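Trainee: Whatever this is, show me its structure:
(one chain, ligands or ions: 1)
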Amino acid sequence: MANESNQVAADKVVSIHYRLTSDEGKVIDRSGDEPLDYLHGHENIVPGLERQIHGKNEGDKFEAVVPPEEGYGKRVEDAQKELPREAFPDDAPLEPGAQFAAQGPDGNLIPLWVLKVDDEQVLVDLNHPLAGETLKFEVEVVSVREATAEEKEHGHVHGEGDAHA
Ligand code: ZN
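Mentor: Have a look, this model is predicted:
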């Protein structure tokens, strides 16, 4: 029987090494030298990955295949728009791949990604660049610890000496 304190569950801080590859086997993202720390059960990572890590134990290595619906969503057609450059702040880093949030009519923030920039126009896409992709994660659970009361309250991990309001 596994030691319960080393098992991934809600409100645990989980450290993982991971490698994310696309359908075509291209490496899209990976953890660096240090593992990624996240607070489990608070939607800090894509839902499908969080679901599949749930219940795993420290030291476990596994592959998680995440369909678009549990990853970055399905690709929406006709989601590209040309916006005037003036719609962006002067110091905005306008380059392909940059992410912005636009205020929607009901006040909520709509994420969008820059595809192309010229002197006057910025072509943006409402799809996340990984929308429509089946994500393949190779995951190693490096460590699992109890979250602090403050981390639980904030819904995210605090690094060492991390203090903020
Ligand atoms: Zn915080």
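
Trainee: Quick one: list the elements packing against the least confident helix or strand in the chain by mean pLDDT.
Mentor: Counting by mean pLDDT, DSSP states H and E, the weakest-scoring helix or strand in the chain turns out to be strand 99-103, with a mean of 88. Where contact means 3 or more CB pairs under 8 Å, 6 or more residues apart in numbering; DSSP states H and E, strand 99-103 is packed against strand 109-117. Placement of C-beta: from N, CA and C, glycine included.

Trainee: The strand it packs on: partners in the sheet, and parallel or antiparallel?
Mentor: strand 99-103 (antiparallel), strand 121-125 (antiparallel) (DSSP bridges).

Trainee: Any chance you could give me the first one in CSV, C-alpha atoms only?
Mentor: Taking C-alpha atoms only, strand 99-103 is exported to CSV below (Å, rounded to 0.1, in the frame of the first residue of the first chain):
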residue,chain,number,x,y,z
GLN,A,99,-0.5,36.2,-26.3
PHE,A,100,-2.9,39.0,-25.4
ALA,A,101,-6.3,39.3,-23.7
ALA,A,102,-9.0,41.4,-25.2
GLN,A,103,-12.0,42.7,-23.2
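
Trainee: for it, which positions count as buried?
Mentor: Phe100 (16 or more other CB atoms under 10 Å).

Trainee: next one: the last one
Mentor: For strand 121-125, the buried set under the neighbour-count rule, 16+ other CB under 10 Å, comprises 122, 124-125.

Trainee: Tell me which helix or strand comes right after that strand.
Mentor: strand 135-146 (DSSP states H and E).

Trainee: Out of the strands paired with strand 109-117, which gets nearest to His40?
Mentor: Proximity to His40, assessed across the strands paired with strand 109-117 by CB to CB, is greatest for strand 99-103 (24.6 Å).

Trainee: so can I have a markdown table of the strands paired with strand 109-117 showing distance to Lys81?
Mentor: Formatted as a markdown table, the strands paired with strand 109-117 follow (distance: least, CB to CB, whole Å):
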| stretch | distance to Lys81 |
| --- | --- |
| strand 99-103 | 9 |
| strand 121-125 | 6 |
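
Trainee: next one: the least confident helix or strand of the chain to chain centre, how far?
Mentor: 16 Å (CA atoms, centre = their mean, to the nearest Å).

Trainee: if you take the average position of the protein, which residue is closest to it?
Mentor: Nearest residue to the geometric centre of the chain (CA atoms, centre = their mean): Ile45, 4.8 Å.
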